[in-house]
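> Sequence and predicted model, in that order:
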Amino acid sequence: MRKLSLILFMLLFFVPVCFSDEWDDFSGIDRAWDGQKSITNKEFEEAIDALQSNQKKKEEKQRKKKIKKISGGGTSLHGGLEPTAEIPSQEELKKNDEGLLLNVPVNLLIDGNSLEKGFYNIFGERDKDNNIYLLFYQSQYLKGKVKARETSDDFDEETIDFVRLIPGDKKFVKIIFGSLDFNAYAFVKYE
């Protein structure tokens, strides 16, 4: 018991002496902020903006990396398809109300009547029974009307509105017609 009391006595008096040096460091805690500069709201906002601009730059770099990963380098084999290029606006499609000009080099037989060779303005028309007709006009006069068949084939034409006469066998020619509303063709006898 004597040994235990001696150890306790020594711990009580000698241990605080060993740590007393460390307590001296906290004596100037009241003056810890004396050397610091006060910051205004404007300076604070500028610092926040600088940090946010760095964040935006990082996000933009990451976005460009993703675009490059998807598109394979940012450029394309086809012009105007770069990811940063603007998409050009396209004109609105309008219905052709003026008709399409067709040169007929032979005399056509329409409903037993002869339609002389020459230039005709061709209009496509759908009636109330859903039948399609090709109307042949010269000036403002209707010269002939041919029943046509609707098709989904565009006959490999480059434009939406087209009319063309294609030679067939010895008795018929094929007239193909295309518009915004429908594509059609008709076989017509000729002399």
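All right, it came through fine.
> Show me where this protein dips below the pLDDT cut-off.
The chain contains residues with pLDDT under 70 at 13-28, 30, 32, 71-85, 87.
> how about the strands in it?
100-104, 108-110, 113-115, 118-126, 132-138, 141-151, 162-167, 172-178, 183-190 (DSSP state E).
> Okay, buried residues for the third one please.
Spelled out, that is strand 113-115. L115 (16 or more other CB atoms under 10 Å). C-beta here means a position set from N, CA and C on the backbone, and glycine is covered the same way.
> what packs against that strand?
Helices and strands touching strand 113-115, by 3 or more CB pairs under 8 Å, 6 or more residues apart in numbering; DSSP states H and E, are strand 108-110, strand 141-151.
> Check which helices and strands the longest one sits against.
Counting by 3+ CB pairs under 8 Å, 6+ apart, the packing neighbours recorded for strand 141-151 are strand 108-110, strand 113-115, strand 132-138, strand 172-178, strand 183-190.
> go again using 6 Å as the cut-off
Here strand 141-151 touches strand 132-138, strand 183-190, going by 3 or more CB pairs under 6 Å, 6 or more residues apart in numbering; DSSP states H and E.
> what's the neighbour count on I132?
21 (other CB atoms under 10 Å).
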